[in-house]
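Chemist: Need a 3D model of the following:
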Amino acid sequence: LRHHIRSNTELGLEAQKFTSSGLLVPDNLVTKVVLAELNANQDKSWLLDGYPRTVSQAEELDRNFLVGVVLNLDVPFDTITERISKRWIHPGSGRTYNLDFNPPVIAGKDDVSGEDLVQREDDKPESVTKRLELYSNMTKPLLDYYSDQDKVVSFSGTETNVIWPHIKKYLEEKTEV
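Modeler: Numbers count the residues shown, from 1 in each chain. Here you go, the predicted model:
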């Protein structure tokens with residue numbers, strides 16, 4: 001979706017109307033992008049991040065593809081908000097920096113070009129908080145939907161380097177079968 005926004009495609013321009021206001025992109029727009037990408041890559045395994053986020057998206061995905069497992073990352077919203085609000089980008093290249101774990105050499109400047117870094121509107125704390133509240137309300141029924149199918153595996157924590165080894169081990173064991 002971000003590729004479409006950066007490329008100013010018709011879908012990207014429409015999606016940007018929502019993301020720049022801190023809102024989630026509507027189901028039908030996201031679903032069009034995801035299904036097109038999955039159809040173009042049917043011969044490969046895939047991992048979706050942040051999709052589906054509603055039961056209607058899950059039902060549409062299930063009509064087209066077999067979902068083997070749903071990974072639920074249980075991370076406190078305060079942690080997410082803090083981490084995302086410290087993300088800055090170089091608009092021309094898309095290079096991403098994080099003030100805590102990948103800061104630019106010179107504060108506020110891209111390491112390669114020396115140009116100014118910017119914070120996307122949807123990375124500002126107010127927008128992140130708004131999106132997380134919407135996300136939580138929308139995804140609770142989704143987790144119930146996949147839990148009823150016994151497909152949800154949850155991982156809890158606040159640090160990537162703590163959660164990731166558990167996820168990696170689970171996925172390696174799952175794909176050996």
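
Chemist: element containing the spatially most central residue of the chain?
Modeler: Taking CA atoms, centre = their mean, the centroid of the chain lies closest to Gly50, which sits 4.3 Å from it. Using DSSP states H and E, Gly50 sits within no helix or strand.

Chemist: how far away is it from Leu29?
Modeler: Per CB to CB, to the nearest Å, Gly50 is found 14 Å from Leu29. For every residue, glycine as well, the C-beta is placed using N, CA and C.

Chemist: which residues in the chain form helices?
Modeler: Per DSSP state H, the chain carries helices over the ranges 2-6, 10-19, 27-40, 55-64, 77-85, 125-148, 160-176.

Chemist: In terms of pLDDT, where does the residue nearest to the centre of the chain sit?
Modeler: Per-residue pLDDT puts Gly50 at 80.

Chemist: try Glu176
Modeler: 67.

Chemist: Over to Leu1?
Modeler: 79.

Chemist: Show me where the chain dips below the pLDDT cut-off.
Modeler: Filtered on pLDDT under 70, the chain yields the residue ranges 176-177.

Chemist: surely Asp122 meets Leu132?
Modeler: No. Counting by CB atoms under 8 Å, Asp122 stays clear of Leu132, with 11.4 Å between them.

Chemist: And those two? Which one has more around it.
Modeler: The neighbour comparison of Asp122 against Leu132 (other CB atoms under 10 Å) goes to Asp122, with 20 against 15.

Chemist: And for Tyr145, the neighbour number?
Modeler: Other residues close to Tyr145 by other CB under 10 Å number 20.

Chemist: No more questions from me, cheers.
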